[in-house]
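Novice: here are the coordinates; sequence isn't available:
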């Protein structure tokens, strides 16, 4: 049987930083979510303050994540590493893809 957590692991603070997923700020634009995360760093009761050194761009945030926005974030917030969730909205219109139709999506 594989063990994910040891019984006492919750009591020991992690030496590794825990980073923020901007999905926690769902229904806000990418820019609004970033601004809120940076202005008021979230704190988790067991883990303490979450790190803003790396932020995950998520589909829960409103708006399209364009190359222009990526370049703007890179220029304005070069000290932060951004990563995209697999389902970030990069196209103007949502496209539903099902494995049954792939590679001939409708």
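Specialist: Cool, got the structure. Being a predicted model, the structure only gives us computed values, none of them experimental. Numbers count the residues shown, from 1 in each chain.
Novice: got a pLDDT number for the residue most central in space within the chain?
Specialist: Nearest to the mean C-alpha position of the chain, by C-alpha atoms, centre = their mean, lies residue 56 at 2.3 Å. Predicted confidence (pLDDT) at residue 56: the value is 97.
Novice: Please pull up the helix or strand immediately following the lengthiest strand in the chain.
Specialist: Across the chain, the strand with the greatest residue count (assigned by DSSP state E) is strand 51-57. Using DSSP states H and E, the helix or strand that directly follows strand 51-57 along the chain is helix 67-76.
Novice: returning to that earlier point: how many other residues sit next to the closest residue to the residue nearest to the centre of the chain other than its chain neighbours?
Specialist: Leaving aside its chain neighbours, residue 56 sits nearest to residue 21 (4.3 Å; criterion: C-beta to C-beta, 6 or more residues apart in numbering). All C-beta atoms are positioned from the backbone trio N, CA, C, and that covers glycine. Neighbours of residue 21 under the rule other C-beta atoms under 10 Å: 17.
Novice: Numbering from 8 from now on, please.
Specialist: Happy to do that; since the first residue is 8 now, the last one works out to residue 28.
Novice: Quick check: residue 29 touching residue 63?
Specialist: Yes - counting by C-beta atoms under 8 Å, residue 63 is a contact partner of residue 29 at 6.0 Å.
Novice: Mind pulling up the pLDDT for residue 51?
Specialist: 89.
Novice: Distance of the nearest residue to it once chain neighbours are set aside relative to residue 39?
Specialist: Of all residues not flanking residue 51 in the chain, residue 57 sits nearest, at 6.1 Å (C-beta to C-beta, 6+ apart). Distance of residue 57 to residue 39, given as C-beta to C-beta, to the nearest Å: 18 Å.
Novice: Over to residue 100?
Specialist: From residue 100 to residue 39 the distance is 22 Å (C-beta to C-beta).
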